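K.L.:
Mind looking at a prediction? Sequence and model below.
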Amino acid sequence: METQKLYYSRPYLRETRATVLDIRKEKDALGLLLNQTIFYPGGGGQPADRGLLAGKELRTVRAEKEEIWHWIPPQEVNPGDEVNLKLNWDWRYYQMQQHTGQHLLSSVLHRHHLPTVSVHLGEEYTLIEVEGAVTDELFPAQVEQEANALIRQALPVRQHWATPQDIDRFPLRRPPGAYEKLRVIEIDQTDYAACGGIHLQNTAEIGLIKALGREKIRGHARLKFAIGDRAYAYFGEIHHLTREIRKLLKIHHSEAIRRIEGLLDDLAEARGQNKKLLAEIIEYQALQLLNRDKNSGMVVYKLGPEEMGRASLLARRIAEKGCCLAFIMAEERFFLAWPQEQIRFNGHLFIKECAQKLGLQGGGGQGFLQGKIAHDDVKIIRRCLQDHLSR
Ligand SMILES: [Zn+2]
């Protein structure tokens, strides 16, 4: 039983009634075959329609050969009943806009000897993969300009049906595969493409196209566009961003790049100075601690949590001075360093034997160990270290 495809003959029809020809009952869904439908079952890169059928949210609509089955939540509907069909028009119109915009762009690119290889209609942008060399002169500025000029000309978009016998009437951009009946979409006698999707009736309804960028893929170029409402959304985001930049930097956004470059230079300089100062602080602190502790042969010291960043460097710096073992703690971590040539100390044995007493966990080698420490009693730590010196 064939369903009359109103989505092809009247693509702007948003609501209608239809007679139920057949039903299929499943456990938690009801399938309806109708005498006519406005719901496109999807295909050719365009998703299936959404909307209300018999007052229920349409779950899916699928083509099975010439039959189109609509699935809704279970309810009392029988063959012969008349039901109401209502499209989610915002969704459909958006898809029509994206789809027709892609035809227009492929047409422009084709004129520059860049045939479309594949198309991806993403959530936020459309990707068109083309064969051939895309030059800087052509993309993005020229392609964008030509596409928007064709939008402004408000060119009619027409659909035709063709058979293998009369297909030569249409200079198709790409040769079609096998078919009995082919749908051809024409943009004002300039572009012809075989397509099963739903299109706008006029290029003006595309509204706007913005070329966003390109990348190389599999020896082809992949071009990125924002079409129609998405292009407006893109400009909305850019506007928001420039406004925030103006507020943050207190300058006009045309000055923003220069200002940010200046700030990055300042930051690099400040980081360099910071590094130098940190080295000086570590040197000073190392000398101070050695002065205090060098007679005992070991420095054991706990840094404040804000000094955690220099704990490891401080331990190493003390050990470098050659006379002491350094055990520096911060934030329940420890850093243990010793000059191997001057001091004999078995670090791994120390961790193994004092693990329980100090709550130690850690590892390392070559005169340096680090890890976690649970008990930070300096006297006990000193005793444990003492036991392992010269072993
Ligand atoms: Zn199409």
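P.N.:
Thanks, I have the structure now.
K.L.:
contacting residues around the helix or strand hosting residue 157?
P.N.:
Element membership of residue 157, judged by DSSP states H and E, is strand 157-162. Contact with strand 157-162 is made by 8, 100, 103, 169-170, 181-188, 199-203, as judged by CB atoms under 8 Å, 6 or more residues apart in numbering. (Each C-beta comes from the backbone N, C-alpha and C, glycine too.)
K.L.:
And that strand, what's buried?
P.N.:
157, 162 (16 or more other CB atoms under 10 Å).
K.L.:
to the chain's geometric centre, what's the distance from it?
P.N.:
37 Å (CA atoms, centre = their mean, to the nearest Å).
K.L.:
Quickly check: it near the ion or not.
P.N.:
No: against the ion, strand 157-162 shows no contacts by CB under 5 Å from the ion, the least distance being 9.3 Å.
K.L.:
Mind listing the strands that strand pairs with, and their directions?
P.N.:
strand 182-187 (antiparallel) (DSSP bridges).
K.L.:
so what's residue 245 up against?
P.N.:
253, 256.
K.L.:
residues in contact with the residue nearest to residue 304 when sequence neighbours are not counted?
P.N.:
Leaving aside its chain neighbours, residue 304 sits nearest to residue 330 (7.2 Å; criterion: CB to CB, 6 or more residues apart in numbering). Applying CB under 8 Å, 6+ apart to residue 330 gives the contacts 302-305, 307-308, 311.
K.L.:
Please indicate which of the contacts of strand 157-162 are buried?
P.N.:
100, 103, 170, 182-187, 199-200, 202-203.
K.L.:
Given the longest strand belonging to the chain, what are its sheet partners and their directions?
P.N.:
Looking across the chain with DSSP state E, the single longest strand is strand 15-26. Partner strands for strand 15-26, per DSSP bridges, with pairing direction: strand 29-34 (antiparallel), strand 82-87 (antiparallel).
K.L.:
Can you give the contact residues for the last one?
P.N.:
When contacts are taken as CB under 8 Å, 6+ apart, the neighbours of strand 82-87 outside the stretch itself are 13-20, 32, 34, 37-39, 49-55, 77.
K.L.:
ditto for stretch 8-21
P.N.:
The contact list for stretch 8-21 (CB under 8 Å, 6+ apart) reads 1, 3, 6-7, 32-38, 77-87, 89, 96, 159, 183, 198-199, 201.
K.L.:
Pull up the distance across it, start to finish.
P.N.:
20 Å (CA to CA, to the nearest Å).
K.L.:
ok, and for it, which residues are buried?
P.N.:
Across stretch 8-21, burial judged by 16+ other CB under 10 Å covers 11, 16, 18, 20-21.
K.L.:
Can you add pLDDT and give the residues you listed back as TSV?
P.N.:
Listed next are these as TSV, based on pLDDT from 0 to 100:
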residue	pLDDT
11	96
16	98
18	97
20	97
21	96
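K.L.:
just checking, residue 363 touches residue 355?
P.N.:
No: if you go by CB atoms under 8 Å, residue 363 and residue 355 don't touch, sitting 11.5 Å apart.
K.L.:
And the two? Which one has more around it.
P.N.:
Comparing residue 363 with residue 355 by other CB atoms under 10 Å, the one with more neighbours is residue 355, at 13 against 10.
K.L.:
give me the element the more buried one is part of.
P.N.:
Assigned by DSSP H and E, residue 355 falls in helix 347-358.
K.L.:
name the helices or strands packed onto that helix?
P.N.:
strand 360-365, strand 368-373, helix 378-388 (3 or more CB pairs under 8 Å, 6 or more residues apart in numbering; DSSP states H and E).
K.L.:
which residues does the closest residue in space to residue 80 that isn't next to it in sequence bridge with?
P.N.:
Leaving aside its sequence neighbours, residue 80 sits nearest to residue 20 (CB to CB, 6+ apart; 6.5 Å). In this structure, residue 20 bridges to residue 34 when assessed by DSSP bridges.
K.L.:
could you show me where the helices are in the protein, in order?
P.N.:
Counting by DSSP state H, the chain has helices at residues 6-9, 89-111, 143-152, 229-249, 256-293, 311-320, 347-358, 378-388.
K.L.:
who's in contact with the closest residue to the ion within the chain?
P.N.:
Residue of the chain nearest the ion, by CB to the ion: residue 195 (3.2 Å). Contact analysis of residue 195 by CB under 8 Å, 6+ apart lists 44, 103, 183-185.
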